[in-house]
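1. Everything below, folded, please.
(chains A and B)
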There are 2 protein chains.
Amino acid sequence: MARNLLPLAALLALLAPSPALAQASAAIASGKVAPSALSPGEIVAAAPKSEWVAIPAADLLVMDLTPDAKAKPRRVVIQLMPPPFSQGWVGNIRKLAAARWWDGLSINRVQDNYVVQWGDADGEDKAKARALPTGLVVVPEASYSVTIDASTDAQMVAAAAGSVESLSGRDAYADTTSWLNGFPVASSDGAAWPVHCYGMVGVGRDLSPNTGSGAELYTVIGHAPRHLDRNIALVGRVIEGIEHLSSLPRGIGALGFYETPEERTTIASIRLGNEVPDLRAYEYLSTESATFARYADARANRRDPFFIKPAGGADICNIPVPVRRAK
Amino acid sequence: MARNLLPLAALLALLAPSPALAQASAAIASGKVAPSALSPGEIVAAAPKSEWVAIPAADLLVMDLTPDAKAKPRRVVIQLMPPPFSQGWVGNIRKLAAARWWDGLSINRVQDNYVVQWGDADGEDKAKARALPTGLVVVPEASYSVTIDASTDAQMVAAAAGSVESLSGRDAYADTTSWLNGFPVASSDGAAWPVHCYGMVGVGRDLSPNTGSGAELYTVIGHAPRHLDRNIALVGRVIEGIEHLSSLPRGIGALGFYETPEERTTIASIRLGNEVPDLRAYEYLSTESATFARYADARANRRDPFFIKPAGGADICNIPVPVRRAK
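-> Here you go, the predicted structure:
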């Protein structure tokens, strides 16, 4: 089940933007460091190998859709959410993948500027629904966020507020936003949670107190629907191949559901990465690294030649964490 | 050319969220009004006809793409930006449409989580480029925003800050966000400008000081790229048919450009709405109306049955202005 308390080291990392980020921004603000005229992409491309963090294959979920109309393969690679968040659901998803539960099911819903959803199209019909594997846990709503030790909360919020203006105290949904283990997180009132940015993967559910098993999944294909934060579990993010989902025809039924089976795209298989022999290796840019600090600063203050007016800030979902095939 | 000064009435409307919105939120906060358990959509559906504002056909730009693979028509309807913003470019676009300049050109770029762009695929090649109509104006960079009279600025910012916490002082890109004439706007330091939300339409350009003519257009199909605000002109928004753009295959060239002509989608025609006999009539929910205030509050604080944790805020692009076919 999901852990409800963070170890102190995680706490310190959580609410303060990384020390490197604060340091880089402070140095730029003080005039000691010339602001980079490189684009965010150029900054990331120059990162030393040591700043990239390998993503274990066992933490990837690989969805192969049936080939498209031109017989091209369609592979979607998802990185599962690391602790401390959502581990109950992630455990269920590992069991579902091991049981090959999704094979032959389908993409059932594509709602423009919102989500693509997949799972059992007959899931609501008890007579037709595919049986779930045994051993899935029921995760409580309390696991949508993790509780932060109260005595250190004020201190951490203050540290965050004093560091990078663009990322502190200017989020419409939370007191603070930052990153933890390479994932975007938000925090208020002693609790922290992952946030619904483009490409994040969440768990469909019925009305409360249902929290979903993890069998029904969706990914965000539009403007960050942050109102879903703390209302639905987030279990990962698409790191490659999201275009195979975001470019699917929109459903014209309510909520973007397809109205006929023919409109659905079939899932050939969903496997954990360590079960996929031909899978590439992936790595993400450490959100604690100096390069990430420069990259985040550049996303908030574009100084490359195209731009004439740096924004002076950026919301957490407009600073996507760089992920690439390992070099 | 774009106007650089707002009349006083527009100024007062600009920076303060509408009085109705402030009033509704204050009433809810004080406990005098029970928060609505209706969904945002249900609230909008109950709006009286008097709160809907007709959009003149002459302020619409209608792009008909060639039919899709199943011979279905693909119509994209764009509402042009009203004054005081971007009127130089909007005037050019009216001339380009009147000259039928876009007919037979194409969608040339689809970059995931970013933009779809259309215009002359050969525009960079002087030998092949289609000649522009005469009479297009060159719009200065100063027109990316409008200057607000300095003596009233502080007063307006204070009014906004005191009204709706979810919309004031918590934007990463500007001091204040609000709406003007039904369009989302932001403001800082005495200037105001339209913002890059999902579906907004902007003007492609070369490096500064080029500002683009309006011949090369794009629409946002991902998380709001607010870093483009004040760096590119915004000239309208898609109000119907964006799925015909957002579901197109992504280009695999740099910046999502298609690498071969075969990948492009042909534009059958682009016309001003008053030149399209079979065009529907459209209307938007007045952003000054009491219903819009309740709707915005509900977007920021979802209380309908699915939600267990209202967010307590929303960013400007997560409160899309309702637009519908006129009833």
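2. chain center to stretch A:306-321, what's the gap?
-> Counting by Cα atoms, centre = their mean, to the nearest Å, stretch A:306-321 is centred 19 Å from the centre of its parent chain.
3. Same check on stretch A:71-80?
-> For stretch A:71-80, the distance to the chain centre is 16 Å (Cα atoms, centre = their mean).
4. mind listing what's buried in it?
-> Residues of stretch A:71-80 classed as buried by neighbour count (16 or more other Cβ atoms under 10 Å in any protein chain shown): A:74, A:75, A:76, A:77, A:78, A:79, A:80. All C-beta atoms are positioned from the backbone trio N, CA, C, and that covers glycine.
5. Just these: which are in strands?
-> Under the assignment DSSP state E, the buried residues of stretch A:71-80 contribute A:74, A:75, A:76, A:77, A:78, A:79, A:80 to strands.
6. Make CSV out of those residues and add pLDDT.
-> Below are those laid out as CSV (pLDDT from 0 to 100):
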residue, pLDDT
A:74, 98
A:75, 98
A:76, 98
A:77, 98
A:78, 99
A:79, 98
A:80, 98
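7. Let me know the closest of those to chain B.
-> residue A:74 (11.5 Å; Cβ to the nearest Cβ).
8. Report the beta-bridge partners for the closest one.
-> Beta bridges link residue A:74 to residue A:65, judged by DSSP bridges.
9. I'd like the ones in strands among the buried residues of stretch A:71-80 as JSON lines, with distance to residue B:198 appended.
-> Output for these, formatted as JSON lines (distance: Cβ to Cβ, whole Å):
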{"residue": "A:74", "distance to residue B:198": "24"}
{"residue": "A:75", "distance to residue B:198": "27"}
{"residue": "A:76", "distance to residue B:198": "22"}
{"residue": "A:77", "distance to residue B:198": "25"}
{"residue": "A:78", "distance to residue B:198": "23"}
{"residue": "A:79", "distance to residue B:198": "25"}
{"residue": "A:80", "distance to residue B:198": "28"}
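10. with these in mind, which one is nearest to residue B:261?
-> The shortest approach to residue B:261 among these belongs to residue A:74, at 23.9 Å (Cβ to Cβ).
11. I'd say the closest one and residue A:107 touch.
-> No. Using Cβ atoms under 8 Å, residue A:74 makes no contact with residue A:107, being 10.3 Å away.
12. Distance check, the spatially closest residue to residue A:148 that is not a sequence neighbour against residue A:231.
-> Spatially, and ignoring its direct neighbours in sequence, residue A:148 is nearest to residue A:190 (4.8 Å; Cβ to Cβ, 6 or more residues apart in numbering or on different chains). Using Cβ to Cβ, to the nearest Å, we find residue A:190 at a distance of 18 Å from residue A:231.
13. Between those two, point out the one with more neighbours.
-> For residue A:190 versus residue A:231, the count of surrounding residues by other Cβ atoms under 10 Å in any protein chain shown is larger for residue A:231: 22 against 18.
14. Check the spacing between that one and chain B real quick.
-> Residue A:231 is 5 Å from chain B, where distance means Cβ to the nearest Cβ, to the nearest Å.
15. do the same with residue A:141
-> On the measure of Cβ to the nearest Cβ, residue A:141 and chain B end up 6 Å apart.
16. Next, the contact list for the closest residue to that residue other than its chain neighbours, please.
-> Using Cβ to Cβ, 6+ apart and skipping the chain neighbours, the partner closest in space to residue A:141 is residue A:211 (5.8 Å). Listed by Cβ atoms under 8 Å, 6 or more residues apart in numbering or on different chains, the contact partners of residue A:211 are A:89, A:138, A:139, A:140, A:141, A:143, A:144, A:203, A:205, A:233.
17. Look up how far residue B:139 lies from residue A:218.
-> Counting by Cβ to Cβ, the separation of residue A:218 from residue B:139 is 41 Å.
18. How confident was the prediction at the closest residue to chain B within the stretch 201-327 of chain A?
-> For the stretch 201-327 of chain A and chain B, the shortest gap (Cβ to the nearest Cβ) falls at residue A:313, measuring 3.8 Å. Here, the pLDDT recorded for residue A:313 equals 90.
19. residues near it, how many?
-> When neighbours are defined as other Cβ under 10 Å, residue A:313 has 21 of them.
20. Quickly find the element holding it.
-> Assigned by DSSP states H and E, residue A:313 belongs to no helix or strand.
21. what pairs with residue A:177 across the strands?
-> Beta-bridge partners recorded for residue A:177 (DSSP bridges): residue A:186.
22. so who does it touch?
-> A:167, A:168, A:171, A:184, A:185, A:186, A:187, A:195, A:315, A:316.
23. Would you mind listing what in the stretch 1-150 of chain A touches chain B?
-> Proximity of the stretch 1-150 of chain A to chain B, by Cβ under 8 Å from any Cβ of the partner chain, involves residues A:69, A:110, A:112, A:113, A:141, A:144.
24. if you set the cut-off to 10 Å instead, what comes out?
-> A:40, A:68, A:69, A:70, A:110, A:111, A:112, A:113, A:114, A:141, A:144, A:145 (Cβ under 10 Å from any Cβ of the partner chain).
25. The fifth one touches residue A:259, doesn't it?
-> Okay, so that is residue A:110. No. Residue A:110 is not in contact with residue A:259 according to Cβ atoms under 10 Å; the separation is 11.9 Å.
26. what residues are shared contacts of these two?
-> A:251, A:252 (Cβ atoms under 10 Å, 6 or more residues apart in numbering or on different chains).
27. quick one: which of those two has more around it?
-> Under the criterion of other Cβ under 10 Å, the comparison of residue A:110 against residue A:259 puts residue A:110 first, with 29 against 10.
28. Tell me the spacing between that one and residue A:138.
-> For residue A:110, the distance to residue A:138 equals 29 Å [Cβ to Cβ].
29. just residue A:211 next, same as before
-> Taken as Cβ to Cβ, the span from residue A:211 to residue A:138 is 7 Å.
30. hey, what's in contact with both of those two?
-> The contact sets of residue A:211 and residue A:138 overlap at residue A:88 (Cβ under 10 Å, 6+ apart).
31. in the stretch 1-150 of chain A, which spans are strands?
-> With strands called from DSSP state E, counting those that start in this stretch, the stretch 1-150 of chain A shows them at A:52-55, A:60-65, A:74-80, A:106-111, A:115-119, A:146-147.
32. Reformat these as JSON lines; add distance to residue B:58.
-> As requested, the strands of the stretch 1-150 of chain A are arranged in JSON lines below (distance: least, Cβ to Cβ, whole Å):
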{"stretch": "strand A:52-55", "distance to residue B:58": "53"}
{"stretch": "strand A:60-65", "distance to residue B:58": "44"}
{"stretch": "strand A:74-80", "distance to residue B:58": "43"}
{"stretch": "strand A:106-111", "distance to residue B:58": "32"}
{"stretch": "strand A:115-119", "distance to residue B:58": "36"}
{"stretch": "strand A:146-147", "distance to residue B:58": "54"}
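33. wait, which of these is closest to residue B:121?
-> strand A:74-80 (26.6 Å).
34. Compute the inter-axis angle for the closest one and strand A:115-119.
-> With axes from the mean of the first three to the mean of the last three Cα atoms, to 10 degrees defining the directions, strand A:74-80 sits at 90 degrees from strand A:115-119.
35. Now the phi/psi pair for the residue of the stretch 201-327 of chain A closest to chain B, please.
-> Per-residue torsions, residue A:313: phi -180, psi 170 (degrees, to the nearest 10).
36. what about the stretch 51-200 of chain A, any weak spots by pLDDT?
-> Scanning the stretch 51-200 of chain A for pLDDT under 70 picks out the ranges A:149-168.
37. give me that answer again for 90
-> In the predicted model of the stretch 51-200 of chain A, residues A:84, A:147-170, A:175-182, A:187, A:189-190 satisfy pLDDT under 90.
38. so where do the helices sit in it?
-> A:87-98, A:150-161 (DSSP state H, counting those that start in this stretch).
39. My understanding was that residue A:108 contacts residue A:257; is that so?
-> Yes. The criterion here is Cβ under 10 Å, and residue A:108 meets it with residue A:257 at 6.2 Å.
40. more crowded one of these two?
-> It is residue A:108, of residue A:108 and residue A:257, that has more neighbours when counted by other Cβ under 10 Å, with 25 against 16.
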